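Asks: have a look; sequence and predicted model below, questions after that.
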Amino acid sequence: MRILVTGSNGQLGSEIRQLAPSYSDYSFIFTDVAELDITESGAVKNFLTENPVDVIINCAAYTSVDKAETERTIAYRINVDGPENLANAAAKKNILLVHISTDYVFEGTHSKPATELDPVKPMGFYGATKLFGEKAIRNSGARALIIRTSWLYSAYGVNFVKTMRKYGLERGELRIVSDQIGSPTYAVDLAKTILDIIPQYKRHDCDIFHYSDEGVASWYDFAWEIVRLSGIECAVSPISTEEYPSPAPRPSYSVLSKAKIRQTFSLEIPYWRDSLKACIARLEAMEKQES
C-alpha cells in the first residue's frame, strides 16, 4: 500500500515518519510544502499522476488559532482549498483520503463529550476553516476518513508541552487557564491509530471519527503535570479565561467522545498522563543527545 503524507514536517507528520519503519506493508511518500503545495490544484493533480498512491494522509494544516483571525487568506487556503484539492483528486483516482480536523469545530458550551453527530458551531476563524475543509471533502464524493482530534502535542514542532517546559525553566511561575477543559493527545498515539485503522476502513464514502487520548484535564492540569514530570521547580497557578484574553475565543469544554472509533476499530486508547510521561522521557533523551 502506497501512502502519501502531506505536511510531513509538522507534529503528526513527523511522528508518522518515525513510525514508518515499523509498518513494512506500507510504502510512504513524505512531502511538505516545498515538495507539494496542496493549495495549488494543478500541483496536486500532477503529483498524483507522477506518484500513484492508494492513501493520502493529510497532515498539512494552518494551526495558529489566534493568528487565523487576521491571517484569514492563508488560513483558508491551507485548511479549505488544500483539503478540497486533495479530495477532488482522490475522488477521481479512487484514493482513500485521511484528513485531520479539530475539536474547534464545536462551540464547546456543552457539558458532555461531543459525538460525531453533535451540532457544529466554530467560535473562531480557525475552527470555521477546519469545518469548511470537512464540508469540502464530503462534497467531493471522495472516499474519506476525517478524524477530529484535540490538544495535540509531540516531541516535534511547537506545542504546549515544549512551551511549558521552556517557560518553566525560565520563569518562577506559570499562570495557566483552568476553566477550559479538554483531552491532551500525544501525536504518536494518533499516528499509530491512523496507520492501524487504514486497512480496516471499508466504507466507500466519507465518515467522521473523534480521537484523543483518554481522560480529561484543564490547561492548568496539563501544565502542572508537565512541570511535575519534567522535575522543574516552578509554581503553576490557575487563572480564568477572562484573565488571559486572546484574539480568538476558545471552547470552554472540548472533550470528544471516542466511543465510535473505539468500537468500530476495537481500539485501546492510552490515558493522557501515561502518554505525556512517555513524551517527556523522549524529549529528555533527545535533549541529552543534542548536548
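Replies: Received it, and whenever you're ready, just let me know what you need.
Asks: and Gly182, how many neighbours?
Replies: A total of 23 residues lie near Gly182 under the criterion other Cβ atoms under 10 Å. Backbone N, C-alpha and C define where each C-beta goes, glycine included.
Asks: just Ile137 next, same as before
Replies: Counted with other Cβ under 10 Å, Ile137 comes out at 27.
Asks: run the chain-centre distance for the helix or strand harbouring it.
Replies: Remark: Ile137 resides in helix 125-140, with elements defined by DSSP states H and E. Counting by Cα atoms, centre = their mean, to the nearest Å, helix 125-140 is centred 15 Å from the centre of its parent chain.
Asks: and if you look at stretch 255-266?
Replies: 16 Å.
Asks: over to stretch 242-252?
Replies: The answer for stretch 242-252 is 20 Å, by Cα atoms, centre = their mean.
Asks: show the contacting residues for Cys234.
Replies: Applying Cβ atoms under 8 Å, 6 or more residues apart in numbering to Cys234 gives the contacts Tyr167, Gly168, Leu169, Arg171, Gly172, Glu173, Leu174, Val227.
Asks: where along this structure do the helices fall?
Replies: 11-19, 41-50, 72-76, 82-93, 125-140, 160-170, 187-197, 219-230, 259-265, 272-290 (DSSP state H).
Asks: out of those, which gets nearest to Met1?
Replies: Nearest to Met1 among the helices of the chain is helix 187-197; the distance by Cβ to Cβ comes to 10.2 Å.
Asks: tilt between that closest one and helix 272-290?
Replies: 110 degrees (axes from the mean of the first three to the mean of the last three Cα atoms, to 10 degrees).
Asks: which elements pack onto helix 187-197?
Replies: Helices and strands touching helix 187-197, by 3 or more Cβ pairs under 8 Å, 6 or more residues apart in numbering; DSSP states H and E, are helix 11-19, strand 144-149, strand 152-153, helix 259-265, helix 272-290.
Asks: could you dump these into a markdown table with mean pLDDT added?
Replies: Converted to a markdown table, these look like this (pLDDT from 0 to 100):
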| stretch | mean pLDDT |
| --- | --- |
| helix 11-19 | 98 |
| strand 144-149 | 98 |
| strand 152-153 | 98 |
| helix 259-265 | 97 |
| helix 272-290 | 96 |
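Asks: residues near Glu284, how many?
Replies: Counted with other Cβ under 10 Å, residues neighbouring Glu284 total 14.
Asks: what's the residue nearest to it when sequence neighbours are not counted in contact with, if anything?
Replies: Closest residue to Glu284 apart from its sequence neighbours, by Cβ to Cβ, 6 or more residues apart in numbering: Ser230 at 7.8 Å. With contact set as Cβ under 8 Å, 6+ apart, Ser230 has these partners: Arg165, Gly168, Ile280, Glu284.
Asks: now the first one, nearest residue through space, not along the chain?
Replies: Which is Arg165. Ser230 (5.4 Å).
Asks: now render the helices and strands packed on helix 187-197 as JSON lines, adding distance to Asp207.
Replies: Below are the helices and strands packed on helix 187-197 laid out as JSON lines (distance: least, Cβ to Cβ, whole Å):
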{"stretch": "helix 11-19", "distance to Asp207": "19"}
{"stretch": "strand 144-149", "distance to Asp207": "6"}
{"stretch": "strand 152-153", "distance to Asp207": "21"}
{"stretch": "helix 259-265", "distance to Asp207": "9"}
{"stretch": "helix 272-290", "distance to Asp207": "25"}
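Asks: I'm done for today, thanks for sticking with me.
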